[in-house]
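K.L.:
For reference, the sequence and a predicted model appear below.
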Protein chains: 2
Amino acid sequence: MSEIHADKIAPSSITIAGWVRTRRGSKKFSFLEINDGSSAKSLQVIVDASISNYSEIERLTTGCSVKIQGNLVLSPGKGQKYEMQATEVSVFGLADPETFPLQKKEMTLEYLRENAHMRVRTSTYSSIFRIRSRVSFAIHRFFVERGFSYVHTPILTTADGEGAGESFKVTNFDMAKVPKTKQGQVDFEQDFFAEPSMLCVTGQLEGELLTMGLNKIYTFGPTFRAENSNTSRHLAEFWMVEPEVAFANLEDNMYLAQDMIRYVVADVLENCSDDIDVCVQKTQNDTRGYLKMALENPFIRVSYTEAIDILKKSGQNFENPLFWGCDLKSEHERYLCEVHFKSPTIVYDYPEEQKAFYMYLNDDGKTVRAMDVLMPGIGEVVGGSQREDRENILIERMKAKGIDASHMDWYVSLRRYGSIPHAGFGLGLERLIMWITGMGNIRDVIPFPRTPGNCKY
Amino acid sequence: MSEIHADKIAPSSITIAGWVRTRRGSKKFSFLEINDGSSAKSLQVIVDASISNYSEIERLTTGCSVKIQGNLVLSPGKGQKYEMQATEVSVFGLADPETFPLQKKEMTLEYLRENAHMRVRTSTYSSIFRIRSRVSFAIHRFFVERGFSYVHTPILTTADGEGAGESFKVTNFDMAKVPKTKQGQVDFEQDFFAEPSMLCVTGQLEGELLTMGLNKIYTFGPTFRAENSNTSRHLAEFWMVEPEVAFANLEDNMYLAQDMIRYVVADVLENCSDDIDVCVQKTQNDTRGYLKMALENPFIRVSYTEAIDILKKSGQNFENPLFWGCDLKSEHERYLCEVHFKSPTIVYDYPEEQKAFYMYLNDDGKTVRAMDVLMPGIGEVVGGSQREDRENILIERMKAKGIDASHMDWYVSLRRYGSIPHAGFGLGLERLIMWITGMGNIRDVIPFPRTPGNCKY
């Protein structure tokens, strides 16, 4: 807990406030394990029965909140360097063990997910969310130190991000009586924005726009997909980080992604070591091994075409078909980085058909300057590209993919006026945190997961 | 521009890339003013007619993008310390002056607002958005340095934040055929979340929940209001910062708000001085005077009751009625901080009837432990309170305000199990940036403003 740095220890009395994790003891004294939420470490407090309200102390159970005055002393026991001898204990609030959802005994993640309003009080989840906070701050610091501007791209939008990914609709209509035109169509003129509006699926396109005035930008914000996929890797609401760099090409982009991931890993290892230990103990995953691999190994770079060759020659029986032009599936990606290279791996120059319209078309006419960053332990965490900055080619590719360029003229016009080479990528924050914490279900790395049928709180 | 730090100047050639702000010159040479978006300062580049593609240079207009090699030398001219003598200029993209929306001459903010996809390329807006970025980072750093965890409260929610503020509805229904039950009601069972869902109006309630496991938290995210108010101070989508502190009371809250504002102001003055100059030149507001006032003056604290007395005795003719129990309007707030105290001012202990159900009820039974922070130059930028941590009183106040406590039992239950004193506040990011930049219209401090009828890009 934040109060117990060794250099703050003085013989005088200190005061702490927190929640009881456990109490054990006798009629002569009680041991309280107190945690205040600021770190993974709890403080052991010894309360002597001579204290005036000892009968109240004897009734303390897991989850009660207290304020304690006392002296911090070197602990004779094992497992902690210091402990506290209480001189005064006052109780803020009780937690009736008959109804309080959290028990002293080990609880399953499924049970805790169903009690999401309480799970942050457990050791596992408070550690995960402290790591999430630190990862977020490290990302901000990484970009700001490199001269990036943090920008807020719109959440409400009429621009359909990629032509991929289903969007949630946003409206101010009374859903019981949606107004119609005389022709029987929905009369969006009467809606708040006077046209159909939705939640963003990416901030990239607006980010590209801002790059033209700010040079290097990044977004850090929520993103939404209305896809009915109830898996351990999908959320309807998740957070994305999307940097975009003026005058950059795909190679610059690879360095940026690699540097960012390494910066975050080093920062978290330095600042959240106790919290990572809590996660490792819970998951029994080799999280630290994977993190070390990212810090020590150069990120391997391999073209999609080379990757297909490697996979074909691997002798593995993959479930999914393998041919030039196929989507690389999770099994392929993990074979590449975990088995073949044993290193973070960047696959680049993907077939044009697979990828979005805004990616730079290579001279071969069949691949685009796209990249995916694959991490041992989780697979893809970053996807990016150099952007198509030639207006005519951009329009051709939009047509070929059935996207109405006239509806997105603001975007196309970025290539009409002072067009520049530029590149960027998207990082799924939850994917990164799953990898760093070793948690296997994405619902456990965001405080309030939104999935089909689940929007509580 | 980031390339021109004095310590990097060497006799060897340097390369820059950016956009032409202006070009003037003759058949013998051209002066190009190049800006790369990384700072308010542009670089003057002299291109001699002896360069092989000089005819191309002569056709360069505002907005063209170029890459230039050359030597950085001390400038003999006024207005800049260094200038560049070009040895090679290559053009990335032109910007046909017949159609390019940005002109060399001064453009109105209204015109630029209508060309929001281009305005970031102007000096004023790139400065505003760099300040916005720096303010955001300073806020993150302030809280992280003080041991706060950055948390992501949900954007999609079924919890109606305050019972105040209209929410946008979110749905996956085809609006043309909203499914109905046999009884003719909207069949929300068939919607994505199987119940009516909406966009958050605050993250506070979920933030309080997370405080119980993380001690000190803050949110930094988008917030939404579906209110049909077309003013210079309202947005349908805006960003909020909401810290919440365990074991804190209203006084702690006042210090936190004051420290945060001062930290941000000092940081921005240090890191964005050129950008603030650009804003001051545009608005002619005494922005620096107001910022200095916040740094130098202690924030005055005055109870609502005292404030009403001061206003009554002021002899001012206010437009709005003045009596104990009235809402303090902008004219009252600005009189208090700008005329009477000439200082940032915190008004606290507001009438219970005016304020939200979750604010701590004082012993007088008629006021609550609420506070508003008023800044000279803009008025209220922060509103907060100590939270009601007594379950019975919370339930009573919910009833009195017509809020269904059973629907929000997860929130009430925070007081049932290990309840603690806690306090927090909300900061409207755009309000703060309006104050720091001196801009008078909130649509000018966010890249893509969302207002009734406006959701472009």
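P.N.:
Good, I have the coordinates. Numbering: from 1, shown residues only, chains lettered A, B, ... in the order given.
K.L.:
Quick check: A:Ser406 vs A:Val412, distance?
P.N.:
9 Å (Cβ to Cβ, to the nearest Å). For the C-beta atoms, the positions are set from N, CA and C on the backbone; glycine is no exception.
K.L.:
I'd like the distance between the closest residue to chain B within the stretch 251-400 of chain A and A:Val368.
P.N.:
Residue nearest to chain B within the stretch 251-400 of chain A: A:Asp389 (7.5 Å; Cβ to the nearest Cβ). Per Cβ to Cβ, A:Asp389 is found 13 Å from A:Val368.
K.L.:
So which of the two has more stuff around it?
P.N.:
In this view A:Asp389 and A:Val368 are compared by other Cβ atoms under 10 Å in any protein chain shown, and A:Val368 has more residues nearby, 27 against 20.
K.L.:
Any idea how far the helix or strand where that one lies is from the middle of the chain?
P.N.:
Taking DSSP states H and E as the criterion, A:Val368 maps to strand A:367-375. The chain centroid and the centroid of strand A:367-375 are separated by 20 Å under Cα atoms, centre = their mean, to the nearest Å.
K.L.:
same check, this time on stretch A:27-40
P.N.:
31 Å.
K.L.:
Pull up the distance across that stretch, start to finish.
P.N.:
29 Å (Cα to Cα, to the nearest Å).
K.L.:
Report the rounded mean pLDDT for it.
P.N.:
What stretch A:27-40 shows for mean pLDDT is 95.
K.L.:
do the same with stretch A:271-280
P.N.:
On average, stretch A:271-280 scores 97.
K.L.:
Equivalent analysis for stretch A:236-247, please.
P.N.:
98.
K.L.:
wait, does it make contact with chain B?
P.N.:
Yes: interface with chain B: stretch A:236-247 contributes A:Ala236, A:Glu237, A:Trp239, A:Ala246, A:Phe247 (Cβ under 8 Å from any Cβ of the partner chain).
K.L.:
that older thread, CA-only coordinates of the strand holding A:Val368, as PDB, when you get a sec.
P.N.:
C-alpha atoms of strand A:367-375 as PDB (Å, rounded to 0.1, in the frame of the first residue of the first chain):
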ATOM      1  CA  THR A 367      -0.100  -6.700 -52.600                       C
ATOM      2  CA  VAL A 368      -0.600  -3.800 -50.400                       C
ATOM      3  CA  ARG A 369       1.800  -2.200 -47.800                       C
ATOM      4  CA  ALA A 370       0.000  -3.700 -44.800                       C
ATOM      5  CA  MET A 371       1.500  -5.200 -41.700                       C
ATOM      6  CA  ASP A 372       0.400  -7.300 -38.800                       C
ATOM      7  CA  VAL A 373       2.500  -7.500 -35.600                       C
ATOM      8  CA  LEU A 374       2.300 -11.000 -34.100                       C
ATOM      9  CA  MET A 375       3.300 -11.600 -30.500                       C
END
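K.L.:
For the helix or strand that that strand is followed by, could you pull out the residues that count as buried?
P.N.:
Counting by DSSP H and E, the next helix or strand C-terminal to strand A:367-375 is strand A:379-386. Neighbour counts using 16 or more other Cβ atoms under 10 Å in any protein chain shown place A:Gly379, A:Glu380, A:Val381, A:Val382, A:Gly383, A:Gly384, A:Ser385, A:Gln386 of strand A:379-386 among the buried residues.
K.L.:
Stretch A:92-106 now?
P.N.:
A:Phe92, A:Gly93, A:Leu94, A:Ala95, A:Phe100, A:Pro101, A:Leu102.
K.L.:
tell me the phi and psi of the residue of the stretch 151-300 of chain A found nearest chain B?
P.N.:
Proximity to chain B, evaluated over the stretch 151-300 of chain A using Cβ to the nearest Cβ, is greatest for A:Gly213 at 3.1 Å. In terms of degrees, to the nearest 10, the main-chain angles of A:Gly213 are phi -120, psi -10.
K.L.:
quick one, strands of the stretch 301-450 of chain A?
P.N.:
Assigned by DSSP state E, counting those that start in this stretch, the strands in the stretch 301-450 of chain A fall at A:345-351, A:367-375, A:379-386, A:422-428.
K.L.:
nope, the stretch 151-300 of chain A is what I was after
P.N.:
Using DSSP E, counting those that start in this stretch, the strands of the stretch 151-300 of chain A run over residues A:156-157, A:169-171, A:197-199, A:216-224, A:237-246, A:300-303.
K.L.:
how about the ones you listed, which one is nearest A:Phe31?
P.N.:
strand A:237-246 (40.0 Å; Cβ to Cβ).
K.L.:
Who does the closest one pair with, and is each partner parallel or antiparallel?
P.N.:
strand A:216-224 (antiparallel), strand A:422-428 (antiparallel) (DSSP bridges).
K.L.:
Can you check what angle separates that strand from strand A:379-386?
P.N.:
Interaxial angle, strand A:237-246 versus strand A:379-386 (axes from the mean of the first three to the mean of the last three Cα atoms, to 10 degrees): 40 degrees.
K.L.:
Dump strand A:237-246 to PDB, keeping only the CA atoms.
P.N.:
C-alpha atoms of strand A:237-246 as PDB (Å, rounded to 0.1, in the frame of the first residue of the first chain):
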ATOM      1  CA  GLU A 237     -17.000  -1.900 -26.800                       C
ATOM      2  CA  PHE A 238     -13.200  -1.900 -26.700                       C
ATOM      3  CA  TRP A 239     -10.400   0.700 -26.700                       C
ATOM      4  CA  MET A 240      -8.100   1.400 -29.500                       C
ATOM      5  CA  VAL A 241      -4.800   3.300 -30.000                       C
ATOM      6  CA  GLU A 242      -4.300   4.500 -33.500                       C
ATOM      7  CA  PRO A 243      -1.100   6.500 -34.300                       C
ATOM      8  CA  GLU A 244      -0.700   8.100 -37.800                       C
ATOM      9  CA  VAL A 245       2.600   9.600 -39.000                       C
ATOM     10  CA  ALA A 246       3.100  12.200 -41.800                       C
END
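K.L.:
buried set for it?
P.N.:
Using 16+ other Cβ under 10 Å as the test for burial, strand A:237-246 gives A:Glu237, A:Phe238, A:Trp239, A:Met240, A:Val241, A:Glu242, A:Pro243, A:Glu244, A:Val245, A:Ala246.
K.L.:
what do you get for stretch A:52-65?
P.N.:
A:Tyr54, A:Ile57, A:Leu60, A:Thr61, A:Thr62, A:Gly63, A:Cys64, A:Ser65.
K.L.:
mind listing which of the residues you listed are in helices?
P.N.:
The members of these that map onto helices under DSSP state H are A:Tyr54, A:Ile57.
K.L.:
Tell me who's in contact with A:Asp264.
P.N.:
Rather than Asp, residue A:264 is Val. A:Val135, A:Ala138, A:Ile139, A:Phe142, A:Leu432, A:Ile436 (Cβ atoms under 8 Å, 6 or more residues apart in numbering or on different chains).
K.L.:
Please name the nearest non-neighbouring residue to the third one.
P.N.:
Here the nearest residue to A:Ile139 in space, its sequence neighbours aside, is A:Val241; by Cβ to Cβ, 6 or more residues apart in numbering or on different chains that works out to 5.7 Å.
K.L.:
Surely the one you found and A:Leu429 touch.
P.N.:
Yes: using Cβ atoms under 8 Å, A:Val241 is in contact with A:Leu429, at 6.1 Å.
K.L.:
Need the overlap of contacts for these two.
P.N.:
By Cβ under 8 Å, 6+ apart, the residues touching both A:Val241 and A:Leu429 are A:Ile139, A:Phe220.
K.L.:
Switch the strands of the stretch 301-450 of chain A over to a markdown table; also include mean pLDDT.
P.N.:
Shown next, in a markdown table, are the strands of the stretch 301-450 of chain A (pLDDT from 0 to 100):
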| stretch | mean pLDDT |
| --- | --- |
| strand A:345-351 | 98 |
| strand A:367-375 | 98 |
| strand A:379-386 | 97 |
| strand A:422-428 | 98 |
